[in-house]
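>>> Sequence and predicted model, in that order:
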Amino acid sequence: MPKPSLQQLLQAAVSQHQAGNLAEAEQLYHQALEQDPNQPDALNLLGVIAQHKGDLGQALALFDRAIAAAPTLAVIPFNKGNALRDAGQHQDALTAYEAALNCDPRFQDALLNLGVLLQEEGQIKPALEHFNTLVQINSGHHKAHYNIGKCFQAAGNIDKALSAFQTALGLNSNDHDAHFAIANVYADMTRYDDAIDHIKTAINLKPNWAEAHTNLGNYLSDIDRHEDALPFFDRANELEPNNPNARVNRGLTLLTLGRLKEGWQDFSERAQSDAPFYKTFKGDTPRWRGESITTKRILVWNEQALGEEILFSSLLRELSKASGHCTLVCAPKLKTVFTRSFADVTNLQITDQPDRDINVAEFDVQCSLVDLGQIFRPHLTEFPDAQPYLAWDETLRSDLRALLEERFGADQKFIGISWASANPLIGDRKSVSLRDWKPLLSIPGVIFVNVQYGSAANDVTALPQEFQDKIATVDLVNLNGDLNETLALLAAMDEVITCSNTTAHLAGAAGLSTSVLVPSGRARIWYWFSEGSQSPWYANVGLARQNTDGRWDAAWSTLSKRIQQSVAAP
């Protein structure tokens, strides 16, 4: 029987390779190399098999031999780039893709993969250039249009992103990635019906896509269909039981519904998820899970924003009774207020030391402030009657009240207003534009006092003069500094009306008469719950909820009537 030729061996090897018979293909490639040790196709495809087997070193060695044998063959550095990308060596992968394009500038797969990798590295402009080149070569390349959309989305140009995604979908209606991306854009635009339609299509095209099930659950939660959302979180968890994202989102939904015990259990995995803001101290000191610590030392820290730090500090007195000694690491802005407010708690030490200066090993257990909720508030029925727990500087409060009365008259009603949240993810949705406050600002007999922190405090200057004249600013108070001054100013008010921000928590924790404008959907933080007109966390905090259509008409109507009655009262 005649010995197979080199060409016959290569053809047979490729056939086996394409059929998935890698062992047979590998043997045939080696036979080909026995006839020609520098045969580039055999070296290249052996490199692909080595990469598939996870042997990166062998794969790269084979690709380099193949490149040396055929330096102008673009597919070889392209395959090398794929191996380097999969190994996480992105810079070397970029170099390899560029080498492939030097061999063939119209190599579509190399343009696509190079663009995707640049995009993942945050190099949006050069990525976009490669995708645009790809479209010029092949206008019907749906993945190029899809990735152009991702670039525009990353750059914040939602309209162009949506257009590019829709072009990709027009070229391939079964592109599940395009449906997924369009759903996300529509959700960002609060077009939830459209978002839900597209994410359901994505799931139909790719039924076992855990992330898509999670997103569908999130969209349903965003429009307050919390019970409907839960099965999709459950399905995502079934598909990827080791991925905590679906469980954390399910936990948030359960907490929003007031099903606290279940919700806390899922939400406790947030530090392992993609959820933002959460931090934890490292070290071997164990987490406190609620066991007896009456003779032990516990370290407690805040993992989220100032508002959450204030809210969960309501549990510090209960913690002090349960522990031998407690050390709280607090935000510097809260150090003065907390020290005054908890001065009588003798086994509580309050520090604002930087995290790096804390020796966790000195403590028996550690716990996030937020996790105290799981231990002390497992059910809504476990909430005691809310009591004020933050104390203000009475001398400063009295001086500020006297200043206001001197300027505007002792018979005036002073209402502090705060309209903006600085939350970097949903602050714009939690905020209530000052232009929308005109129904309140039109009420006679009231002096509204600007208690807004951050750059949004200057929004007053954009109002018509008639409304600017209704809002007083107290220049003596630094609303961006130590919250001791802010709290004293809030305490000098007859009442406070605020969006969901730090002001809401500071006023609520002090027991001040406060109305919180609670947004609907995605912008509502879970601890305001899905319904109810009073907060169980704070004494004297009423909740004025946004309509499901995004309007505040009902809230303004209720607040206006109450304020007018208060002004008219003798």
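That came in fine, so what should we check first?
>>> chain center to stretch 365-376, what's the gap?
21 Å (C-alpha atoms, centre = their mean, to the nearest Å).
>>> just stretch 380-396 next, same as before
30 Å.
>>> from here on, count from 15
I'll keep to 15 as the first residue from here, and by that count the last item is stretch 394-410.
>>> contacts for stretch 487-496?
346-347, 349-350, 414, 417-418, 463-468, 471, 474, 499-500, 502-503 (C-beta atoms under 8 Å, 6 or more residues apart in numbering). For every residue, glycine as well, the C-beta is placed using N, CA and C.
>>> Next, the buried residues of it.
488, 491, 493 (16 or more other C-beta atoms under 10 Å).
>>> Ok, stretch 81-92 next?
Taking 16+ other C-beta under 10 Å as the criterion, stretch 81-92 shows 81, 83-84, 87-92 as buried.
>>> any chance you could map the helices in the stretch 65-214 of the chain?
Listed in chain order, the helices of the stretch 65-214 of the chain (DSSP state H, counting those that start in this stretch) span residues 70-83, 89-100, 104-117, 122-134, 138-151, 156-168, 172-185, 190-202, 206-219.
>>> In CSV: those helices, plus mean pLDDT.
Below are these laid out as CSV (pLDDT from 0 to 100):
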stretch, mean pLDDT
helix 70-83, 92
helix 89-100, 94
helix 104-117, 96
helix 122-134, 96
helix 138-151, 97
helix 156-168, 97
helix 172-185, 97
helix 190-202, 97
helix 206-219, 98
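>>> out of those helices, nearest to residue 361?
Residue 361 sits nearest to helix 190-202 of all the helices of the stretch 65-214 of the chain, at 47.0 Å, using C-beta to C-beta.
>>> Packing partners of that closest one?
For helix 190-202, the packing partners by 3 or more C-beta pairs under 8 Å, 6 or more residues apart in numbering; DSSP states H and E come out as helix 156-168, helix 172-185, helix 206-219, helix 224-236.
>>> The contacts of stretch 487-496 in helices, which ones?
The helices, defined by DSSP state H, take in 349-350, 414, 417-418, 499-500, 502-503 from the contacts of stretch 487-496.
>>> Helices along the stretch 465-584 of the chain, start to end?
Going by DSSP H, counting those that start in this stretch, the stretch 465-584 of the chain shows helices at 479-482, 497-505, 516-523, 567-582.
>>> now those helices in a markdown table, with distance to residue 534?
Shown next, in a markdown table, are the helices of the stretch 465-584 of the chain (distance: least, C-beta to C-beta, whole Å):
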| stretch | distance to residue 534 |
| --- | --- |
| helix 479-482 | 26 |
| helix 497-505 | 26 |
| helix 516-523 | 16 |
| helix 567-582 | 11 |
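>>> so which of those helices is the most packed in?
helix 516-523 (a mean of 28; mean count of other C-beta atoms under 10 Å).
>>> any idea of the angle it forms with helix 497-505?
Interaxial angle of helix 516-523 relative to helix 497-505 (axes from the mean of the first three to the mean of the last three C-alpha atoms, to 10 degrees): 70 degrees.
>>> thinking again about what came up before, format the helices of the stretch 65-214 of the chain as TSV; extra columns: distance to residue 583.
Compiled in TSV, these are given as follows (distance: least, C-beta to C-beta, whole Å):
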stretch	distance to residue 583
helix 70-83	78
helix 89-100	71
helix 104-117	68
helix 122-134	62
helix 138-151	59
helix 156-168	53
helix 172-185	48
helix 190-202	45
helix 206-219	43
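>>> Provide the count of other residues in contact range of residue 234.
Counted with other C-beta atoms under 10 Å, the neighbours of residue 234 add up to 23.
>>> got a pLDDT number for it?
On pLDDT, residue 234 comes in at 96.
>>> now swap in residue 579 and tell me
The model's pLDDT for residue 579 equals 87.
>>> That one and residue 72, how far apart?
Using C-beta to C-beta, to the nearest Å, residue 579 is found at 82 Å from residue 72.
>>> residue contacts, residue 164?
Contacts of residue 164 (C-beta under 8 Å, 6+ apart): 133, 175, 195.
>>> Mind putting the helices and strands packed on helix 190-202 into CSV with distance to residue 444?
Listed next are these as CSV, based on distance: least, C-beta to C-beta, whole Å:
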stretch, distance to residue 444
helix 156-168, 22
helix 172-185, 20
helix 206-219, 18
helix 224-236, 14
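>>> Of all those helices, which one comes closest to residue 558?
Once the helices and strands packed on helix 190-202 are compared by C-beta to C-beta, helix 224-236 is nearest, at 20.0 Å.
>>> The closest one to helix 190-202, inter-axis angle?
20 degrees.
>>> State the distance from residue 75 to residue 45.
Distance from residue 75 to residue 45, by C-beta to C-beta: 19 Å.
>>> Strands of the stretch 365-514 of the chain, start to end?
For the stretch 365-514 of the chain, strands defined by DSSP state E, counting those that start in this stretch occupy the ranges 379-382, 427-432, 460-464, 485-486, 509-513.
>>> and the longest one with strand 460-464, angle?
In other words, strand 427-432. Using the same axes, to 10 degrees: strand 427-432 against strand 460-464 is 30 degrees.
>>> What of the last one?
Between the axis of strand 509-513 and that of strand 460-464 there is an angle of 50 degrees, by the same axes, to 10 degrees.
>>> Strand 509-513 pairs with which strands, parallel or anti?
Here strand 509-513 is paired, per DSSP bridges, with strand 427-432 (parallel), strand 528-532 (parallel).
>>> what's the angle between the host helix or strand of residue 265 and helix 224-236?
Element membership for residue 265 (DSSP states H and E) is helix 258-270. Orientation check (the same axes, to 10 degrees): helix 258-270 against helix 224-236 gives 20 degrees.
>>> For helix 258-270, name the packing helices and strands.
By 3+ C-beta pairs under 8 Å, 6+ apart, helix 258-270 packs against helix 224-236, helix 240-253, helix 274-281.
>>> For the second one, buried residues please.
Within helix 240-253, the residues that count as buried by 16+ other C-beta under 10 Å are 240, 243-244, 246-247, 249-251, 253.
>>> Return the alpha-carbon coordinates of it using PDB.
In PDB, the C-alpha atoms belonging to helix 240-253 read as follows (Å, rounded to 0.1, in the frame of the first residue of the first chain):
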ATOM      1  CA  HIS A 240     -41.600  41.900  42.300                       C
ATOM      2  CA  GLU A 241     -43.500  38.600  42.700                       C
ATOM      3  CA  ASP A 242     -43.300  38.100  38.900                       C
ATOM      4  CA  ALA A 243     -39.600  38.600  39.000                       C
ATOM      5  CA  LEU A 244     -38.800  35.900  41.600                       C
ATOM      6  CA  PRO A 245     -39.200  32.800  39.300                       C
ATOM      7  CA  PHE A 246     -36.600  34.200  36.900                       C
ATOM      8  CA  PHE A 247     -34.100  34.800  39.600                       C
ATOM      9  CA  ASP A 248     -34.800  31.200  40.700                       C
ATOM     10  CA  ARG A 249     -34.200  29.900  37.200                       C
ATOM     11  CA  ALA A 250     -30.900  31.800  36.900                       C
ATOM     12  CA  ASN A 251     -29.800  30.300  40.200                       C
ATOM     13  CA  GLU A 252     -30.700  26.800  38.900                       C
ATOM     14  CA  LEU A 253     -28.600  27.400  35.700                       C
END
